Structure formats: C-alpha cells, structure tokens
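1. Quick one, fold the following:
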Amino acid sequence: MSDTTGAEGPSEQTQKRTVLVRNRDFLMLWSGESVSSLGSQIGVIVLPSLAVLFFGQGAFGVGMLIALQWIPFMVLAPLVGVLTDRFRRKTLMQLANIARFVILFSLPVAAFMDQLTITHLYVAALLKGIFDVVFQLSYQAFLPYLLDRDDLTDGNAKTQLSRSLALILGRSVGGGLVSALGPVRAMAVNGLGYLASSFALMFVRKPESPPEPAQGGAKSVLNELKGGVVITFGNRLLRYLTLMATFGNMAVSLTLAMIIVFAYEDLGFNGAQVGLALGLGSAAVVVGALSSQWVNARLGMGRMLIFTHTMLAIAFAMLPIALLGDTAFAFAIIVVSQCLSSFTTPIANVGIMTLIQKTTPPEAMGRVGGVALPFVWGSNAVGPLLGSALAVIFVNWVAFLLAAVMALIAVAWVLIGAVYRIHDEVPEEWRVVL
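-> Have a look, this model is predicted:
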C-alpha cells in the first residue's frame, strides 16, 4: 500500500484567512447552526424544568423525557440518512428548524389555554428528537457542498467551536430563562431560537446540486439502507473511524455518568464542589475547539486520533488517584481529568468529520451518517449502563478503568486500520466510489 501521510508540514489552509471571512454562504450556514446548537443546549435545561416545575415529575419522568429525545438517533437515523440523500439539505435544515419551533411553541400555547398535559410534553420531546436527527445529518452532508476540500477542516473547526460555546453557555442561559421567566415562557424563547436559525439559512445562496430522483417505494428505501451499510462498513477508513468513535464515545459517556456518583459517594464532595470541578474542567472544551485546526495540521489527522484518545485514556485512568489524598487533592484530580477529556474531544471531532467528508461523496453523506449514528451516539446510552453495572458489582472507580481501556481500544482501531498514516488528504484508493 502506498504511503498516505501526505504533506509533512501544516497544510496551506492554516495560512489563509478564516473560512468565515472568505465564504459568506458558510458564514450564514454556521450562524444558523450555531443558533440551533444554542437552542438545543437551552432545551437540555428548559424541557426537564418544565416537567419538574409544571408537572411535578421526578427522576423517572425526567429520564423518560431525555430518553425520548435520544431514541430517534438510535432508531430512525438510518432512514433519515436515506431521506437526506433524496432531498436538498438546506431545505431539510429549514424544515427541521421550523418544525422544532412549532413543536416547542405548542407547549406554551397549550399552557396558556390551560390544555398542556404531560403526554403533550413527551410527544413534543420525541418529535423534537426526530427533527434533531434531520438537522444534524443534513448539516454534515451539506457542508461539503459549500466548502472546498482544503476548507473542510476549518469549517468543521468552526462548527465544533460553536457547539462547544453552546454547551457552556446554553445550559446557563436555559437556567437563567427558567429562573427569570418560568419554564413555560422560557420554552417560548427556546422555540424562537430555531426560527432565527431558519432565517439565517435563507441567506445561503449557493445552489445545491439536485439529488438523484428517487426510484420505487419502500423496496427502494430498503435497498438504499443496505447500500448505506455497505458503504460505511465496506470502506476500510469509514469502518475503522466508526469503530473508533463508538468506543471513544462509550468511554466518555461512561465517565460523565459515573464521575458525579464517584465525587459524592467516594470523595465526599458537596453539590457546589461537584459543579465547580466539572465546570472548570469543561471550560477546556473551548480551548480544544479553538486549537483543533492547528493540532490537526501539526500532527496530521491520523496521528491526532492516537494522541487524543491516548489522552482520554490517561484522563480516565487518573481518576481513582483522587482517593489517595484530601479533598483539595481530589478536587484538583477531577479538574485536571475533565480538562484533558474536554480539550481533546473537539479536536478529535474535527478530524473525524473531516476524514468522513473527504472519504464520502456528498450524495452519500446522509446514508453514511445515518448508519454510523446509531453506533456512535447509541454508545452514549451503553456507556453509563456498563459503568453502573461495574459499580454495583465492584466499586465506583473500577468503571473509570474500563473507560480507559475503551479509549485504548479506540486507539487500536486507528492502528489496525492504518488510519494513523493519513495526514491531511485521503488517498484516492481509500475513498468511496459509488
């Protein structure tokens, strides 16, 4: 096999002005995606708050509400991926935004009419989750239409930056809205964010290539679903990236679920200490997003994946050390561990998405994303279950050792698939041919 390392030094794109300045259409797309991401993170607080404060729901009710928003990612993503490749992606994103606005705005309208029920809230959560999938798959499939191949890393880096900021700001804003306006009025403001996102997308002017006309009905859809599986797992790069991301996400989700229990039960933290430690550590996600393009250019995207997932393994393996010192020592260990994992996550996400976009023809991006999503995001549900099972059988800190092993398994997939040999450009023989 020929050497696929590409250029040894940083690519020329690092010398250009940011793509936000050079590409007005991407600026508008990114603005719409940023508002959409902020709205989603605000909803993480507002929707459960509505369930608790308006309906008096407890842990089970809130858990159901959150689960209903994740189910479409695991169950419907392959079908939505097929539809994404059959329609114009910009239109689908606008439809998803308008639908989420209508869905969320129906809640305060029903409350104003004294007709809001818990069933309405659950149905709204499920429908919102469906259109979250539509927007997510359409966005990542639309990006290659707007950007040159050399600009994909920059574009994905800007996307990770906006999502990182939304992660930090959205939940604070959501809590502030609930406190200032109450959960019902806060939901109305949350819905208006999606309408603003759809408005920004109206100013994306570049015409999108029309999709291939759909042939047949249900049988044709089934064939395209099968085709998506063949493309994703038949291509060596896409196969190993999917396996790597699945184990990496599982490790991260396991740790996020168990670290709170560990901090309370084993370290004796109070609520303020837990919140401050996790908040300080999570702030590093912005640093990671800002430096993601630079790190990918310096290390090369393949070696970057080894670096980031090795750092994740170190971050998770060091958590049990917190048991060896006093509260201040334990607090420092938690912060450092969270900083390492938060810093590396957006860097890895930029590299993974860029590699997928450079490997997959734009007209197949929806199907590839739809097949990979249940594995990659479904692992977010599996990780906490594995962690809690280990904690029950053994002790809490054993779960972090499993998370470290999972991160190293992710590294192993990069090595087995020779993904580490790719620096910037994906060689022709590794790309998907339809």
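2. end to end, how far does stretch 318-332 reach?
-> 11 Å (CA to CA, to the nearest Å).
3. shaky segments in this structure?
-> For the chain, the stretches with pLDDT under 70 are 1-16, 59, 211-217.
4. Domain boundaries for it, per the record?
-> 1-205, 234-434 (automatic domain parsing).
5. How far away from the center of its chain is the longest one?
-> What it means is domain 1-205. Remark: domain 1-205 is offset 10 Å from the chain centroid, using CA atoms, centre = their mean, to the nearest Å.
6. can I get the domains of the chain in TSV with distance to Gly228 and mean neighbour count?
-> C-betas here are computed from N, CA, C, even on glycine. Formatted as TSV, the domains of the chain follow (distance: least, CB to CB, whole Å; neighbours: other CB atoms under 10 Å):
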stretch	distance to Gly228	mean neighbour count
domain 1-205	6	19
domain 234-434	3	20
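7. how about those domains, which one is nearest Glu224?
-> Proximity to Glu224 (CB to CB) singles out domain 1-205 among those, at 4.6 Å.
8. still on that earlier bit, distance to Val221 for the domains of the chain - can I get that in TSV?
-> Compiled in TSV, the domains of the chain are given as follows (distance: least, CB to CB, whole Å):
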stretch	distance to Val221
domain 1-205	6
domain 234-434	11
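9. To Lys219, which of those domains lies closest?
-> Among these, domain 1-205 comes nearest to Lys219, with 12.3 Å by CB to CB.
10. OK, contacts around the residue found closest to Gly268 once you drop the neighbours it is linked to in the chain?
-> Spatial nearest neighbour of Gly268, excluding adjacent residues (CB to CB, 6 or more residues apart in numbering): Thr327 at 6.8 Å. For Thr327, the contacting residues are 267-269, 273, by CB atoms under 8 Å, 6 or more residues apart in numbering.
11. same thing but 10 Å
-> Contact analysis of Thr327 by CB atoms under 10 Å, 6 or more residues apart in numbering lists 267-270, 273.
12. measure Met304 to Met406 for me?
-> Counting by CB to CB, to the nearest Å, the gap from Met304 to Met406 is 19 Å.
13. now do Ala245
-> Distance, Ala245 to Met406, using CB to CB: 12 Å.
14. Show me whatever sits in contact with both of these two.
-> 309, 379.
15. re earlier: take the contacts of Thr327 and lay them out in a markdown table including distance to Ser138 and secondary structure.
-> Shown next, in a markdown table, are those (distance: CB to CB, whole Å; DSSP: H, G, I helix; E, B strand; the rest coil):
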| residue | distance to Ser138 | secondary structure |
| --- | --- | --- |
| Leu267 | 43 | coil |
| Gly268 | 47 | coil |
| Phe269 | 41 | coil |
| Asn270 | 43 | coil |
| Gln273 | 41 | helix |
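16. ok, residues contacting stretch 262-272?
-> Defining contact as CB under 10 Å, 6+ apart, one finds that stretch 262-272 is touched by 255, 259-260, 273-278, 319-320, 322-323, 325-327, 329-331, 333-334, 387, 391, 395-397, 399-400.
17. show me where the stretch 151-300 of the chain has helices.
-> Remark: helices assigned in the stretch 151-300 of the chain by DSSP state H, counting those that start in this stretch are 152-181, 183-201, 218-234, 236-265, 271-282, 284-299.
18. Isn't Leu408 up against Met244?
-> No - Leu408 is beyond contact range of Met244, at 11.1 Å (criterion: CB atoms under 10 Å).
19. Could you pull out the residues contacting both of the two?
-> Contact with both Leu408 and Met244 is made by residues His309, according to CB under 10 Å, 6+ apart.
20. which one is Phe307 nearest to, not counting chain neighbours?
-> Nearest to Phe307 is Leu299, by CB to CB, 6+ apart, at 6.0 Å.
21. Would you quantify the distance from that neighbour to Val123?
-> According to CB to CB, Leu299 stands 46 Å off from Val123.
22. swap in Met318?
-> The gap separating Met318 from Val123 is 43 Å, by CB to CB.
23. try Phe262
-> From Phe262 to Val123 the distance is 36 Å (CB to CB).
24. mind checking which helix or strand the closest residue to Arg205 other than its chain neighbours is in?
-> Nearest non-adjacent residue to Arg205, counting by CB to CB, 6+ apart: Asp25, 6.0 Å away. Using DSSP states H and E, Asp25 maps to helix 24-55.
25. which secondary structure elements does the next helix or strand after that helix contact?
-> Once the chain leaves helix 24-55, the next helix or strand it forms, by DSSP H and E, is helix 59-75. Counting contacts by 3 or more CB pairs under 10 Å, 6 or more residues apart in numbering; DSSP states H and E, helix 59-75 is packed against helix 24-55, helix 77-86, helix 118-146, helix 365-393.
26. how about CSV for these, with distance to Leu152 added?
-> Listed next are those as CSV, based on distance: least, CB to CB, whole Å:
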stretch, distance to Leu152
helix 24-55, 11
helix 77-86, 18
helix 118-146, 7
helix 365-393, 12
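27. and Ala180, which of these is closest to it?
-> helix 24-55 (11.9 Å).
28. packing partners for the closest one?
-> So helix 24-55, by 3+ CB pairs under 10 Å, 6+ apart, packs with helix 19-22, helix 59-75, helix 89-112, helix 118-146, helix 152-181, helix 183-201.
29. Report the angle between the last one and helix 118-146.
-> Right, the one you point to is helix 183-201. Computed by axes from the mean of the first three to the mean of the last three CA atoms, to 10 degrees, the angle separating helix 183-201 from helix 118-146 equals 20 degrees.
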